[in-house]
Structure formats: structure tokens, C-alpha cells
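S.K.: coords please:
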Amino acid sequence: MDNIDNKDWREKLDQFKVPIALSFVGLVLIVGGILSSGINKAQPKVYPKDSLVEAQKLISVDVSGAVVRPGVYELKDGSRIEDAIVASGGFTEIANAEYVSKYLNMAQKLSDGSKVYVPLAGESASFGSSGVNAGQSGGVAGTSAQAKININTASQSELESLSGIGPATALKIISGRSYQTIEDLFNKKIVGKAVFEKVKGQLVVY
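M.R.: Next comes the predicted model:
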């Protein structure tokens, strides 16, 4: 009797052997998937270094006069006059050394559209009402036009030296840059007609 019961038990076990095995394999796969998912979540995401670096803004600067390679150069935003001189190949032998020593502020920052001019030896450096800073930001020495204030590069204090231009208007002029002609001051409604007529003879754009 016991032999018959054992035989029946073995036959039943054989019938369910395959389903039991498949169930076990499925359970292993489920547990493995859960563990794998947990490991992946724990790993920090790695981003390419390039995606964290923003594109460097560039500015255009006109360098002329007694430099090796005069021309317009693209420099990094925040560059200084020294960087512009280096980009143009440095000073030539006929550069006005006295002017460079006294008036050219090599540490001055440049803005987009700035002009840097290095006078030749013997060329006079007269800046008129625009002062030394006009020379630092690129005034061409020795011509009457350069005694005027360049509204594209002048500092706030230089603009305030003009008749009828106060701190608020000076800031508006700076915020409205760049200008193609001095008439843009009036056309852009930076200054009124009366003030423009009063100061236009003292202005220049380059």
C-alpha cells in the first residue's frame, strides 16, 4: 500500500515539475530586476563637461595706429587694452612711447565696438574736453575730431561733462549703445531736440 502511495506521489511531482521550475526562474528574474533597478537609481548621472561650459561671449575691437597688424579683432568679453595690443602683434618701433607710457591704460576693459588707436612717434596727443580716457579707449590723437566725445565708448563722467547731460541721461546714453550716427541719440529719444542741438557739435561716433 505504501509503495502505491509513493508511486502516486512521484507521478504527481513529475506532472508539476516543469511549472514549479518555471515559477522559480520567474521569481529569480523578478528579484534580480528589482535589485538592478535599485542599483541604477543609486548611481548619479554623469553629464559631459562640455554641457556645463557656456559659450564664451566675444566682442569686436578695432585696433589701429602703430601696431604690427592693424585690424578688427574678436576678443573674449572682459578683455583689456593689453589683450587687443597683443592680438594685433604688439607695438611697432615707430609707436609714440611717451603716449603709451602716460595715457594708454593697458588694464582698461574693452566693450564691444571699442577702438584702440596707438599714435605714431611725433604724433601729438590732444584730447580736448574728452580728456585722457578718450585716448585710452581709442581716441586718435592730433585731429580736431578726436577732441569730441565718442558716445559709443565715453564714460559716464565724460558724458556728464556735456552741457545739459546729467547722470540719468548719461546712463541712458550708455544703455542705448551702440550708435551708428550721433543723430541716433535724438532718433532713439535718448535726449530731446534742444539738448541734442546743444551738444551735437561735441559728439562723434566711431
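
S.K.: Now do the phi/psi pair for Val199.
M.R.: According to degrees, to the nearest 10, the main-chain angles of Val199 amount to phi -110, psi -10.

S.K.: For it, which residues are in contact?
M.R.: Counting by CB atoms under 8 Å, 6 or more residues apart in numbering, Val199 touches Leu162, Ser163, Gly164, Ile165, Val191. Quick note: C-beta positions are derived from backbone N, CA and C, even for glycine.

S.K.: Which of those residues ranks first by neighbour count?
M.R.: Neighbour tally across the contacts of Val199 (other CB atoms under 10 Å): the maximum, 23 neighbours, falls on Ile165.

S.K.: can I assume that one sits in a helix?
M.R.: No. For Ile165, which was evaluated using DSSP: H, G, I helix; E, B strand; the rest coil, the result is coil, with no helix membership.

S.K.: and the longest strand seen in the chain, which strands flank it?
M.R.: Across the chain, the longest stretch assigned as strand under DSSP state E is strand 58-65. Paired strands of strand 58-65, with direction, are strand 71-76 (antiparallel), strand 115-118 (parallel) (DSSP bridges).

S.K.: Pull the most distant pair out of the contacts of Val199.
M.R.: When the contacts of Val199 are compared pair by pair using CB to CB, the farthest-apart members prove to be Ser163 and Val191, with a separation of 11.3 Å.

S.K.: how does the protein divide into domains?
M.R.: With automatic domain parsing as the criterion, the domains of the chain are listed as 2-42, 54-125, 148-206.

S.K.: Compare the mean pLDDT across the ones you listed and name the weakest.
M.R.: Ranked by mean pLDDT, those end with domain 2-42 at the bottom, a mean of 62.

S.K.: how about stretch 149-166: buried residues?
M.R.: Of the residues in stretch 149-166, those scored as buried under the neighbour-count criterion (16 or more other CB atoms under 10 Å) are 149-155, 158-162, 165.

S.K.: Correction: the previous question concerned stretch 181-199.
M.R.: Along stretch 181-199, the positions that meet the burial threshold by neighbour count (16+ other CB under 10 Å) are Ile182, Asp184, Leu185, Phe186, Ile190, Val191, Val195, Phe196, Val199.

S.K.: rewinding a little: mind listing residues that contact the longest strand of the chain?
M.R.: Contact partners of strand 58-65, identified using CB under 8 Å, 6+ apart, comprise 70-77, 79, 84-85, 87-88, 95, 110-120, 138, 140.

S.K.: do stretch 86-98 as well
M.R.: Counting by CB under 8 Å, 6+ apart, stretch 86-98 makes contact with 61, 63, 65-71, 73, 75, 85, 100, 118-123, 125, 141, all of which sit outside it.
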